[in-house]
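Chemist: Give me a 3D structure for the following:
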Amino acid sequence: MTIQTVGAEPAPRTDQAPPALVLDRVSKHYGDSVGASDLDLAVAPGELVTLIGPSGCGKSTTLRLVAGLERPDEGTIRIAGDVVADGRRFQEPERRRVGLVFQDHALFPHLTVAKNVAFGLDRFSRAERRARVGEVLELVRLHHLAGRYPHELSGGEQQRVALARALAPRPAVVLLDEPFSSLDESLRAQVRRDTTAALRETGTTAVLVTHDQTEALSVGHRVVVMHDGVIEQADTPERVFEQPSTRFVASFMGDADFLPARVHRALLTCEIGIVSTVPGWADSDVDVDVVLRPHEVALHPDPDSPARVSAVEYHGAFVLHHVRLASGRTLRSWQPHNVRHPVGTPVAVSVTAGTTPTLLVDDRAVTAPPPARPGAPTGRSPMSDELGKSFLR
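Modeler: Have a look, this model is predicted:
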């Protein structure tokens, strides 16, 4: 999985102004089902946050809570410093200074583009309304289509009208619920770039819900990964992909394979051999799982290796190799398009130079040795003992 971050500019600084949006221990239940559980999140002014997770993880519920379409059972929501929901008060959606962009655009078919954009500008004078409509249509490069009706526009143009309508009232936060999912792939990429550029040009704070991992990583200043109603990790795209905080994040945000491994005296080993050193673990003897992504796995033919190529997938610029190890476990490895090891080829498997793999203990990432529990067994498995015999003499 190749990640290209299009947002070259740094994320807004969070120490200069109060957050534009705050969720403080927010929860929402639907009977016995958990929609959102104990959410804590602060979004800085001008920050673009992408919210991602599998279906039913709570991302749309979170957006609806912020918009005022749902009432939280617990916790506090603040927008631009104002409490809009807590145990005592609940502000209606139209009073929240929130702009909404939906995947189906939700344009009024009987209104022109200009009138669709002007729909939420009742508090503006007629002259102000006309000027603001022209301003946001110029921003999304649709001023020349102001007199058209929605059915006369392409899908991408309709999406840009929806964005212009959301931006027109100068909201404190714009919420985008999978806004590009109805577009075909090539158009989707262009509209996504245009939307991101418009949000950043205006310094708009935005939360974008998506189910697309590449989209989440390439668009947001930060990525919030949700699972079963909770936030698993909220961090920069680079840290979410390269330093996942849990097994779920590692497997959901890109391809990942997991191998049982052992850290003994700062040396990390698994069945493919020595993976790396682990600074700070000099006195450790700990079983872990090591996370390996396909671009971190190197291959070269070796007739004496017990590992065999079990499948080969051509992806154009790259070729994905599936390798069955002696244990029966499988690793995946990306190779350049001109490197193809046929199925059945014995290959030596190693880790590419410079890789700093993520280590998991009890499905959570660790950067320091876990504390020993008094009276607890060492937890060393037969496999770790074999690794010790093989690699740590």
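
Chemist: measure S350 to E242 for me?
Modeler: 19 Å (Cβ to Cβ, to the nearest Å). In this view, the C-beta of every residue, glycine as well, is placed from N, C-alpha and C.

Chemist: R192 is in contact with E215, correct?
Modeler: Yes. Between E215 and R192 there is a contact under Cβ atoms under 8 Å: 6.6 Å.

Chemist: Neighbour count for these two, which is higher?
Modeler: Taking neighbours as other Cβ atoms under 10 Å, E215 and R192 compare with R192 leading, 22 against 19.

Chemist: and that one, what helix or strand is that in?
Modeler: helix 185-201 (DSSP states H and E).

Chemist: Go through stretch 107-121 and flag the buried ones.
Modeler: 107, 112-114, 116-118, 120-121 (16 or more other Cβ atoms under 10 Å).

Chemist: what about it, how long is it end to end?
Modeler: Terminal residues of stretch 107-121 are spaced 15 Å apart (Cα to Cα, to the nearest Å).

Chemist: For it, what does the pLDDT average out to?
Modeler: Average pLDDT, stretch 107-121: 93.

Chemist: wouldn't V347 be in contact with V297 here?
Modeler: No. Judged on Cβ under 8 Å, V347 makes no contact with V297 at a distance of 10.2 Å.

Chemist: and for those two, which residues touch both?
Modeler: Here V347 and V297 have V323 as joint contacts, going by Cβ atoms under 8 Å, 6 or more residues apart in numbering.

Chemist: list the contacts for A307?
Modeler: 272, 323-326, 346-349.

Chemist: Who wins on neighbours among those residues?
Modeler: Ranking the contacts of A307 using other Cβ under 10 Å puts V323 first, with 25 neighbours.

Chemist: How about the secondary structure of that one?
Modeler: strand (DSSP: H, G, I helix; E, B strand; the rest coil).

Chemist: From L259, how far out is it?
Modeler: 12 Å.

Chemist: can you list residues touching both of the two?
Modeler: L331.

Chemist: Identify the nearest residue to S333 in space, disregarding sequence-adjacent positions?
Modeler: Counting by Cβ to Cβ, 6 or more residues apart in numbering, V297 is the residue found nearest to S333 once chain neighbours are left out, at 3.9 Å.

Chemist: Now stretch 258-272: buried residues?
Modeler: Quick answer for stretch 258-272 (16+ other Cβ under 10 Å): 258-264, 267-272.

Chemist: And stretch 189-203, by the same measure?
Modeler: Buried, per 16+ other Cβ under 10 Å, within stretch 189-203: 189, 191-192, 194-196, 198-200, 202.

Chemist: Identify, from those residues, the entry nearest to L39.
Modeler: Minimum distance to L39 across the buried residues of stretch 189-203 is 22.5 Å, recorded for L199 (Cβ to Cβ).

Chemist: residues in contact with the closest one?
Modeler: Contacts of L199 by Cβ under 8 Å, 6+ apart are 48, 174, 206.
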